[in-house]
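Chemist: Just the structure for this:
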Amino acid sequence: MSTEEITDSQTEPNAVWVNQAPISGWGSLPQFFTYPGLTQCLDLLLNLTENTDLIPLVKGRKGAGKTTLLYQYQAQADEHWSLCRIDANPMLHPEQLYHRLAQHVGIAEENDQFKDYLLRHLAIQCLDGFLPVLVIDDAHLLPVDTVAELLQLQAVRENNNPIIHIVLFAAPGIDDLLQAADPHHHRSHVIQTLDIPALTYEQATDYTTQVLAARGALEAFTLTPGEIEKIYRASQGNPGRIESLLHNLPAHPTTPQDATGRISIKLLLEDLPIPLILGSIALIVAILALLIFQQDINAVFNSSQSENQQTPTPPVVLQEIALELPADKKIQPEPVAKLATIEESVPVREILEEEPVAEPKEILPAEKIVAIEPIKQPPPSAKPKASIKREQWLLAQKSSAYTLQLIGLQDEASIRAFIKRHRLQGKAAYFKATKKGQPWFALLYGAYPNRKTAVSARSKLPKRLRRADIWIRSLESVQTEIHAQ
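Modeler: Numbers count the residues shown, from 1 in each chain. Got it, this is the predicted structure:
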C-alpha cells in the first residue's frame, strides 16, 4: 500500500496537514489534520502491528480523531500486509466475523469446516511472507462473545507466530466489554492501549483556522482570541467537538462581510446553487412585470366582465285558461266489460287450453306431516393462511441447523411489511433482539441441516432477495440471542 511522508516529531510544528481522505463532520475537508501526539500514536501503532504479538487498542472519545488515525494507518500499511477492516455493530457475532474474513480472503463457505479452512489459509499467507491484519473499528459495539472470539483468534499460532494480527479502535467503554469477555484476565496482558491525546490550545487554534480556511469561510468569520478560547474550553481539545461548535457558533455574522466591513454579495452568493439563483432572478422579474403592467391587466379583466353581463330576461307570466265542455258532452266513465261466463261466450275447450285448472291436492292429516330440513351444503374449504414464524418456531429447530439472515431493522412494522411485500409468509421468521439499547428485529429465511446446504440455498434465492451481505447463521447463535432477551 502507498505511504505518505510525515515530518519528524522533533522538528514538527504544532500541527501539519497530511493529504489523505476527507474527514467526516462539518463540510468535506480535503486534508487530514495531524499533530505531534497523533503522529507518535500512529508510529507506535504501525510498530506494534509489524513487530509484536500484542493487540493494539486505540481508545478515544467520539470526535477525538480515531477515524483520522485509522485512515492514516491504512494508508501507511506496508505492501506485504493483507489488511481487512470491519466496522463493528451489536449484531456482529463470531460467525458473521468469520464470514467477513472469508469474503476478504476468498474462501468459499461450502461446508461446516470452513472456519478451519480459513485459519489454514491465514497460516499459509504467513508462510508466504504476508502479514494478515484484522482492523475492527468501533469495537466497543461488539457482542461479548465476539470479543472473546477475537482474543482466542489472536492466540492461534503458526511457527510460534500469530496467524493474524488484530487492531481495535474503540471508545472508552471497551474496558467493560473486555472485562466481561475475559473475566479471569487470561488474555488481558496481550492488549496494548493507545490513548489519542487531546489538542493543546495552540493546536486547537491552528485547527480552527484550518477548518475555516478549508471551508472558504476564514475571511467571512473572523474569530477573536476570546472566542477561540471559549471554543477550546468547551471542546476540551476534541477535534470533532470543535467542528460542531464552529458550525453552531452564535457569534457567526448572519451576512458575510468583506475586509472593509461592508456586505459582500460575492460571499453571500458563493454557496448558493446556480439553479436557485436563476430561479430567484426569474421570480423577481415576474413580480416586477406584474407590478408594472397591473393597470393594463385590470383593464382587460374589467372589459371581459362587462361583455359577459346580459340584460335580465323579463319573467314569464303563466295565465290560467279555463276549459269548459258543452253540457251535452259530459265525460262518462266507460262501463267495465262484463266477464264472460263459460255458458255465454267462451267455449269450454278454449278456457281449458288457456288456463288449466289445477287438480285439488290431497290434504294430509297433521300427524303425518314431516318437516323436511334443508340440505346443508358443506362450507368451502378455506385455505389456511400461512403465518409469520417467530421466536417459538426458531427455538423448536435443531441448534445444529443453519439459516439465512436477510435483513435487520429497528422497526417491527417494516419487517412485517417486507415479509408481506415479498410473500415470505411461512418461509421466513423473525425475532426481537437489542442493539445499542434499542429494539432490533432480524429476519431469517429457511432452516438447513448444514452450512453447505445453506450456501447452496443462498445462491438460489429469488433475485429480489439476493444481497451481498446475506449472513449464513447457525440457529444455535439465534437461540442463544433469543434466550438472552
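Chemist: any idea whether Lys420 is helix, strand or coil?
Modeler: Under DSSP: H, G, I helix; E, B strand; the rest coil, Lys420 falls in the helix class.
Chemist: tally of neighbours for it?
Modeler: When neighbours are counted by other C-beta atoms under 10 Å, Lys420 registers 11. Quick note: C-beta positions are derived from backbone N, CA and C, even for glycine.
Chemist: now swap in Leu177 and tell me
Modeler: Neighbours of Leu177 under the rule other C-beta under 10 Å: 19.
Chemist: What is the helix or strand harbouring it packed up against?
Modeler: Assigned by DSSP states H and E, Leu177 belongs to helix 174-181. Packing partners of helix 174-181 (3 or more C-beta pairs under 8 Å, 6 or more residues apart in numbering; DSSP states H and E): helix 144-154.
Chemist: what pLDDT, on average, does the helix or strand following the helix it packs on get?
Modeler: Moving toward the C-terminus from helix 144-154, the next helix or strand (DSSP H and E) is strand 157-158. Averaged across strand 157-158, the pLDDT comes to 88.
Chemist: Next SSE downstream of strand 157-158?
Modeler: On the C-terminal side of strand 157-158, the closest following helix or strand by DSSP H and E is strand 161-162.
Chemist: where in this structure is pLDDT low?
Modeler: 1-32, 109-112, 186, 188, 217-221, 249-273, 299-386, 468 (pLDDT under 70).
Chemist: Quick check, Gly237 in contact with Glu202.
Modeler: No - using C-beta atoms under 8 Å, Gly237 is not in contact with Glu202; the gap is 10.7 Å.
Chemist: Tell me how far Tyr207 lies from Glu481.
Modeler: Going from Tyr207 to Glu481 by C-beta to C-beta, to the nearest Å gives 43 Å.
Chemist: before we move on, the earlier item: the helix or strand just after the helix holding Leu177 pairs with which strands?
Modeler: Per DSSP H and E, the first helix or strand lying C-terminal to helix 174-181 is strand 191-195. If you go by DSSP bridges, strand 191-195 pairs up with strand 55-59 (parallel).
Chemist: Next, the angle from the partner strand to helix 144-154.
Modeler: Counting by axes from the mean of the first three to the mean of the last three C-alpha atoms, to 10 degrees, strand 55-59 lies at 140 degrees to helix 144-154.
Chemist: and the longest strand along the chain, what other elements does it pack with?
Modeler: If you go by DSSP state E, the chain has its longest strand at strand 438-448. Here strand 438-448 touches strand 402-409, helix 412-421, strand 428-435, helix 451-459, helix 475-483, going by 3+ C-beta pairs under 8 Å, 6+ apart.
Chemist: which one of these lies closest to Asn248?
Modeler: strand 428-435 (29.0 Å; C-beta to C-beta).
Chemist: Provide the angle between the direction of the closest one and the direction of helix 412-421.
Modeler: Here the directions of strand 428-435 and helix 412-421 differ by 160 degrees (the same axes, to 10 degrees).
Chemist: Strand 428-435 - contacts with which helices or strands?
Modeler: Using 3+ C-beta pairs under 8 Å, 6+ apart as the contact test, the elements touching strand 428-435 are helix 391-396, helix 412-421, strand 438-448, helix 475-483.
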